[in-house]
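Undergrad: Quick check, what structure comes out for this input:
(one chain, ligands or ions: 1)
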Amino acid sequence: MTAPEQANTAESAPHILRFDGIVKRFGGATALAGASLAIRPGTVHGLVGQNGAGKSTLIKLLAGLHTPDEGSIEIEGRAHDRLTPHLCEDLGIHFIHQDRLLVPTFTVGESLFLGREIRLGKTPFLDRSAMQRRASELLANYFGVDLPKNALIGELSTAERQIVQITRALLHKPKILVFDEPTAALVRQEAEILFRLIRRLRSEGVTIIYVSHYLNEIEALCDDVTVLRNGVDVASLTENEISAGRIASLMVERDIADMFPKRKVELCGEILKVRNLSATGRFHDVSFSLRRGEILGITGLLGSGAKDLVRTLFGLQTTTSGTIDIDTRGLKPCNPVEAVDRQIALVPEDRRGHGVGLDLSVRENITLSSLGRYTRFGFLDRKRESDDTDELIRRLQIKTSGREALVRTLSGGNQQKVAIAKWLSRRSEIYLLDEPTVGVDIGSKVEIYSLIGELAARGAGVIVLSSDLPELVGITDRILVLFRGRVTRELISSQTTTDEVLSASTGASEGLRHVG
Ligand SMILES: Nc1ncnc2c1ncn2[C@@H]1O[C@H](COP(=O)(O)OP(=O)(O)OP(=O)(O)O)[C@@H](O)[C@H]1O
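TA: Just a heads-up that it's a prediction; the model follows:
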């Protein structure tokens, strides 16, 4: 195709949404530096980039939560320079976002209709039964479920809350649906249900914008992909140009040769021994041990008890029977303070809620809980504290204007990295890492894996709870699979596959095993 022809095709391509030369600054920081992208109607358009590349800022501009400093946003051929959240909904643009959580004390019914109630004719009265009917139809039709309308949002699982968000959007016949990291907290099976739904919505003509760090999802789902780097679009790929490897190297400007660094570690004595541990209604008769130098994976679907088990090891939940020995002493932590005293560190999954102080600097967050290490004879060794902080900023590629920047000003993924750095800088004996790389870009994932390897090499025992199965198989030595509260499989990571782990965690291999 000659150049003029190419230009013509691009000109005439109908775009439902077009960002052109968008610039957005926050104080001295430039989040977007002239980003452009054009989205074709009825497609799934992937938006990818490293942490801090500008994805959320672009989405927030579309949602009317920020205004661009320069550039234009065109929706269905019309330029909009004053988007507001309400106008956005009127234009048929809806957002499915984990962080923009629904109010936990609202019922399912209230959450579905809040601000968009169906009224009885032209009266101010609400037509509750019409609203309920419509919601039930949508829930049955798209999800095959019936969520009790009086259930409180706070009682629902992440997947169910997402269903409520999507149903709320479907009630208003959306034209554009934006999914921002939708699978981060979903287990594999739930993610599959979401993918089927997205494909179906596309076939019904809905345009989807899909933001994710899971590049294999992007490859499997998207018709077009825009790669952002440092606030500009550096590539747009379509159809057969889209591959996870290609996107990764465009994002980070280098090839990622080996996702999972190889380790050669001598396993030493047992550091943790759990015997016949039970917690009524959560898990039952769990026994396992962890050795120094070992990385043990634990996985299971929501409700399998895997997360409860890890929380129990940190003293956050109580047990009904069984023992936990740490370094051959029978020391069951009864609360997190005791756990920390016993040199156990937990990196929680909800790091933005519990892992970082938003109004503290990057340095304070990283070193506050381990100041003991930097203090000698009552004096704080600032130089060593700063050097260690800078080293972690460099290794984890934390995008910040410097170690003194407030964590609040960092992008979501970079806040996650600070939370991880905080626990990694603390010298503990046992690490419990809950979904350590959720929301983190691919380059930094590799760095986190090698840091985890270093912790084990130093003689710590590491437990990784992860629903990212390639990660689990790639970085651990052994994997325990929980199913309905029991350890149903123990797999040697180097001799297993993600398929085997998946089938064990869904219970698919259970019947076979018992028969055999
Ligand atoms: N309110 C703000 N104040 C100061 N800086 C901000 C603000 N919001 C975003 N930034 C900066 O803009 C840049 C882009 O952030 P953005 O949240 O858009 O990244 P992202 O691509 O969504 O990253 P992630 O994958 O981590 O969510 C970051 O460097 C961030 O620090």
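
Undergrad: what is the mean pLDDT for stretch 247-263?
TA: Mean pLDDT, stretch 247-263: 72.

Undergrad: Correction: the previous question concerned stretch 26-44.
TA: In the prediction, stretch 26-44 has an average pLDDT of 92.

Undergrad: In this structure L465 contacts L433, no?
TA: Yes: L465 lies in contact with L433 (CB atoms under 8 Å); the separation is 6.9 Å. Where C-beta positions appear, they are placed from N, C-alpha and C, glycine not excepted.

Undergrad: which neighbours do these two share?
TA: Taking CB atoms under 8 Å, 6 or more residues apart in numbering as the criterion, L465 and L433 do not both touch any residue.

Undergrad: which residues does the residue of the stretch 251-400 of the chain found nearest the ligand contact?
TA: Here the stretch 251-400 of the chain gets closest to the ligand at one residue, K399, 4.9 Å apart by CB to the nearest ligand atom. Residues in contact with K399 (CB under 8 Å, 6+ apart) are Q50, N51, G52, L410, S411, N414.

Undergrad: what does this structure put close to the ligand?
TA: Residues of the chain lying close to the ligand by CB under 6 Å from any ligand atom are 26, 29, 31, 49, 51-57, 399, 409-414.

Undergrad: In PyMOL, how would I select the buried members of these?
TA: Paste this into PyMOL to select the buried members of those, with burial taken from 16 or more other CB atoms under 10 Å:
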select buried, resi 31+49+51+52+53+54+55+56+57+399+409+410+411+412+413+414
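
Undergrad: before we move on, back to that, and the contacts of K399, which is closest to A306?
TA: N51 (26.3 Å; CB to CB).

Undergrad: Are we agreed that that closest one is in a helix?
TA: No: counting by DSSP: H, G, I helix; E, B strand; the rest coil, N51 is located in no helix; its state is coil.

Undergrad: Start the count at 4 instead of 1 going forward.
TA: Happy to do that; since the first residue is 4 now, the last one works out to N54.

Undergrad: mind listing what it touches?
TA: Q400, K402, S414, G415, G416, N417, Q419, K420, G442, V443, D444, S447.

Undergrad: mind giving me the domain split of this structure?
TA: For the chain, whose domains are defined here by automatic domain parsing, the residue ranges read 18-255, 273-518.

Undergrad: need the ones you listed in CSV with distance to K267, can you?
TA: Below are the domains of the chain laid out as CSV (distance: least, CB to CB, whole Å):
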stretch, distance to K267
domain 18-255, 26
domain 273-518, 9
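
Undergrad: who's in contact with G325?
TA: So G325 contacts V277, R278, N279, L280, S281, D288, V289, S290 (CB under 8 Å, 6+ apart).

Undergrad: Dump these to CSV, plus pLDDT and neighbour count.
TA: Putting those into CSV (pLDDT from 0 to 100; neighbours: other CB atoms under 10 Å) gives the following:
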residue, pLDDT, neighbour count
V277, 94, 21
R278, 94, 15
N279, 95, 12
L280, 94, 21
S281, 94, 17
D288, 95, 13
V289, 95, 25
S290, 96, 12
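
Undergrad: Looking at the residues you listed, which are in strands?
TA: Secondary structure from DSSP state E places V277, R278, N279, L280, S281, D288, V289, S290 of those in strands.

Undergrad: Just want the phi and psi numbers for the residue lying closest to the third one once chain neighbours are set aside.
TA: The spatial neighbour of N279 that comes closest, neighbours along the chain excluded (CB to CB, 6 or more residues apart in numbering), is G325 at 4.3 Å. With angles defined as degrees, to the nearest 10, G325 shows backbone torsions of phi 100, psi 170.

Undergrad: is it fair to say R376 lies in a strand?
TA: No: read with three-state DSSP, R376 is helix and lies in no strand.

Undergrad: Relative to E297, how far out is S39?
TA: 49 Å (CB to CB, to the nearest Å).

Undergrad: Which one of those two is surrounded by more residues?
TA: Legend: neighbour count by other CB atoms under 10 Å for S39 and E297, higher for E297 (21 against 15).

Undergrad: The more buried one touches L270, doesn't it?
TA: Yes: contact criterion CB under 8 Å: E297 and L270 qualify, at 5.3 Å.

Undergrad: Just the closest residue of the stretch 304-453 of the chain to the ligand, please.
TA: Counting by CB to the nearest ligand atom, the stretch 304-453 of the chain gets nearest the ligand through G416, at 2.5 Å.

Undergrad: Nearest residue to that residue in space, please, no chain neighbours.
TA: The shortest distance from G416 to any non-neighbouring residue, by CB to CB, 6+ apart, is to N54 (3.0 Å).
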